[in-house]
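Student: Sequence first, then the predicted structure:
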Amino acid sequence: MIKKEQKNAKKELYRRVILSVAAAGCLICVCCVAVKLVKGSHAGRVYETMRQECVVTGMTENLPEAATEESTEAEEIPHVYEEMPAVDFDALWETNTDICAWIFIPGTEVNYPVLQNAAATDPHDTYYLDHTVDRVSGLPGAIYIEPCNAKDFSDRNTVLYGHHMKNGSMFASLDRFKDNVFLEENAFAYVVTPDENMVYQIWAAVVYDDRHIMGIYDFEQDTSYQAFLDSLTDNRNMADVFREGMEVTTEDRLITLSTCVPNQDGSRLIVVAALMDAYERED
């Protein structure tokens, strides 16, 4: 009888230990999820505050001088410039001096600072892949360019990276460009640096592989640049979309926006746009 009671006592002890471990595991999971939610919520507030306090869209006074003469009729102002953001970089730099640009794409949720890690020694540094604009670690990270790209967007191809967040933030809404009608109706992306306003026309949305574009292609060499362009048109993915009638050559200056494709390991969605105009910002 005593042995039986001891055996039952051991079983009960094991049961309690297992339940305690399971409960602790559940608690850890809940805490991890809570931390991620808190960090994500914090990051969302930081980005929204920046938009409200440092950036204004729809500023027609940012038009090039030729389009703002008194004799110019309102309806003659090129639509492409009507949504050029007005950006206060001095205010943005109070949060982080690594902010090198602002990108805004009408029709999407893309309206973010662009960062480059000035302290990096690796030309392909990914610090902002898992750090937000105020340097908090974790998702959603930030929109960033690697140090191998010039932070003034003067390279022949500047690659921007951003997460595909489930809540639609960061680069998730680039998915919309996989629709032909949406791409045709939403033609432009705007990039503002401390010195220039730049207007890009969106050319293509391609479901690409996960090759490191800036590591494989040397865009200073025409043959390598052309190889990149060929890789896009030869991709042969049914989900790829190209702007009808638009031709891109090695004479163009590009931005390439790169994000993950949900549930497709090894795939990336890249949206490629060509510079169509750039002009100095007014002080």
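Tutor: Cool, got the structure.
Student: got the contact list for residue 262?
Tutor: residue 164 (C-beta atoms under 8 Å, 6 or more residues apart in numbering). All C-beta atoms are positioned from the backbone trio N, CA, C, and that covers glycine.
Student: Determine the three-state secondary structure at it.
Tutor: coil (DSSP: H, G, I helix; E, B strand; the rest coil).
Student: The nearest residue to residue 190 once chain neighbours are set aside pairs with what?
Tutor: Excluding its sequence neighbours, the residue lying closest to residue 190 (C-beta to C-beta, 6 or more residues apart in numbering) is residue 104, at 4.6 Å. Beta bridges link residue 104 to residue 111, residue 190, judged by DSSP bridges.
Student: Give me the neighbour count for residue 104.
Tutor: Around residue 104 sit 20 other residues, with neighbours defined as other C-beta atoms under 10 Å.
Student: now residue 215
Tutor: Using other C-beta under 10 Å: residue 215 sits among 11 other residues.
Student: returning to that earlier point: so the residue nearest to residue 190 makes contact with residue 110?
Tutor: Yes. In this structure, residue 104 is within contact of residue 110 by C-beta atoms under 8 Å, at 6.8 Å.
Student: buried residues in stretch 50-58?
Tutor: Using 16 or more other C-beta atoms under 10 Å as the test for burial, stretch 50-58 gives 50-51, 54-55, 57.
Student: Let's have these in CSV, adding pLDDT and secondary structure.
Tutor: Output for the buried residues of stretch 50-58, formatted as CSV (pLDDT from 0 to 100; DSSP: H, G, I helix; E, B strand; the rest coil):
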residue, pLDDT, secondary structure
50, 92, helix
51, 91, helix
54, 88, helix
55, 89, strand
57, 73, coil
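Student: any idea which of those is closest to residue 173?
Tutor: Nearest to residue 173 among the buried residues of stretch 50-58: residue 51, at 14.9 Å, using C-beta to C-beta.
Student: got a list of what that closest one touches?
Tutor: Contacts of residue 51 (C-beta under 8 Å, 6+ apart): residue 111.
Student: Model confidence at the spatially most central residue of the chain, what's the number?
Tutor: Closest to where the C-alpha atoms of the chain average out (C-alpha atoms, centre = their mean) is residue 162, at 3.3 Å. Looking at residue 162, its pLDDT reads 97.
Student: which residue packs closest to it, ignoring adjacent ones?
Tutor: residue 171 (3.5 Å).
Student: Number of residues surrounding the one you found?
Tutor: 26.
Student: same question, residue 279
Tutor: 16.
Student: give me the element it is part of.
Tutor: Counting by DSSP states H and E, the element that carries residue 279 is strand 267-280.
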